[in-house]
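**Q** no sequence on this one, just coordinates:
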């Protein structure tokens, strides 16, 4: 950094606004979500109809199957299924 | 002054399975990953969210393969850049698919600035409360004097002088690091 004048400090701080809170929480909850994500994805890989329902409407499909998926589970299942979309 | 954990120590704690350390690591790098996605690569919010989650999923899975715990920030930057390129390629918005062509102009400069901003951010953590909160609210969350005053129970006329004093404190902290 070239010097630490106060204007420059302000400019640099402005470059790093908060990431959306829900994104941060979903990433933080990943360690707890992983087991459930792996289980859902494994089932989706074996069951094409289930996979199609997930790709069409993830949240409703999981609800219909009795999963109470957290935002973290939803985000990571969606990500893992992206290649099927 | 507040206490800060070095990146290396934070990574070591994550490896040791400390769940609180993972939360801190995500908190520390979330703004950085977000800024690379949105400002350097100008991804759509939906693509940026996917890249953001993928970055942290890979960090979680591959933390053991990181050769130097001190190198976590460049590693995360590299990972984010690669995933942003993949996202641009997959979205098909760009014609040619080689990484160099997909890189928006000025990405290296922008990431250099974000690296500097992370140094300032670390200084902000080190100066601790109440300065870190007041500066964060003003510069990063773009809150008005009035909003800050209401949130921190300060007369709004005092907020400007507090910001100035806290900036001075942060400047001293940053000079001590250089």
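**A** The structure has been received and is ready for your questions. What you are looking at is a predicted structure, and each value in this text was computed from that prediction instead of being measured.
**Q** Run through the neighbouring helices and strands of the top helix by length along chain A.
**A** Of all the elements of type helix in chain A, the one with the most residues (DSSP state H) is helix A:30-46. Taking 3 or more CB pairs under 8 Å, 6 or more residues apart in numbering or on different chains; DSSP states H and E as contact, the helices and strands that helix A:30-46 lies on are helix A:48-56, helix A:71-81, helix B:19-35, helix B:45-62. (Each C-beta comes from the backbone N, C-alpha and C, glycine too.)
**Q** change it to 6 Å
**A** helix A:48-56, helix A:71-81 (3 or more CB pairs under 6 Å, 6 or more residues apart in numbering or on different chains; DSSP states H and E).
**Q** And those helices: which comes nearest chain B?
**A** helix A:71-81 (4.9 Å; CB to the nearest CB).
**Q** residues of the closest one that come out buried?
**A** A:72, A:73, A:74, A:75, A:76, A:77, A:78, A:79, A:80, A:81 (16 or more other CB atoms under 10 Å in any protein chain shown).
**Q** Could you find the closest non-adjacent residue to the second one?
**A** Put plainly, it is residue A:73. residue A:33 (4.7 Å; CB to CB, 6 or more residues apart in numbering or on different chains).
**Q** Looks like residue B:170 contacts residue B:125 (just checking).
**A** No - Residue B:170 lies out of contact with residue B:125 (CB atoms under 6 Å); the separation is 10.3 Å.
**Q** Which positions in chain B make contact with chain A?
**A** B:22-23, B:26, B:30-31, B:34-35, B:49-50, B:52-54, B:56, B:60, B:114, B:116-117, B:120-121, B:139-140, B:167, B:171, B:174-175 (CB under 6 Å from any CB of the partner chain).
**Q** run the last query once more with 7 Å
**A** B:19, B:22-23, B:26-27, B:30-32, B:34-35, B:39, B:49-50, B:52-54, B:56-57, B:60, B:113-114, B:116-117, B:119-121, B:135, B:139-141, B:167, B:170-171, B:174-175 (CB under 7 Å from any CB of the partner chain).
**Q** dump the residue contacts of residue B:123.
**A** B:170, B:173, B:174, B:177 (CB atoms under 7 Å, 6 or more residues apart in numbering or on different chains).
**Q** now the helices and strands packed on helix A:30-46 in TSV, with mean pLDDT?
**A** Output for those, formatted as TSV (pLDDT from 0 to 100):
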stretch	mean pLDDT
helix A:48-56	92
helix A:71-81	88
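**Q** Save these as CSV, and put in distance to residue B:163 too.
**A** Below are these laid out as CSV (distance: least, CB to CB, whole Å):
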stretch, distance to residue B:163
helix A:48-56, 49
helix A:71-81, 34
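**Q** Narrow the contacts of residue B:123 to those in helices?
**A** Of those, the ones assigned to helices by DSSP H are B:170, B:173, B:174, B:177.
**Q** okay if I get these as TSV plus distance to residue B:131 and pLDDT?
**A** Output for those, formatted as TSV (distance: CB to CB, whole Å; pLDDT from 0 to 100):
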residue	distance to residue B:131	pLDDT
B:170	7	92
B:173	9	89
B:174	13	89
B:177	16	74
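**Q** ok, of the residues you listed, which come out buried?
**A** Buried, going by 16+ other CB under 10 Å: B:170, B:173, B:174, out of the ones in helices among the contacts of residue B:123.
**Q** Spatially nearest residue to the second one (excluding sequence neighbours)?
**A** For residue B:173, the nearest residue in space outside its immediate sequence neighbours is residue B:123; the separation is 4.6 Å by CB to CB, 6+ apart.
**Q** tell me which element that neighbour falls in.
**A** Using DSSP states H and E, residue B:123 sits in helix B:107-127.
**Q** State the next helix or strand along the chain beyond that helix.
**A** Helix B:107-127 is succeeded, C-terminally, by helix B:131-135 (DSSP H and E).
**Q** next helix or strand past that next one?
**A** helix B:145-152.
**Q** show me what contacts the one residue sitting closest to the centre of chain B?
**A** The residue lying closest to the centre of chain B (CA atoms, centre = their mean) is residue B:32, at 2.7 Å. By CB under 7 Å, 6+ apart, the residues touching residue B:32 are A:16, B:76, B:114, B:118.
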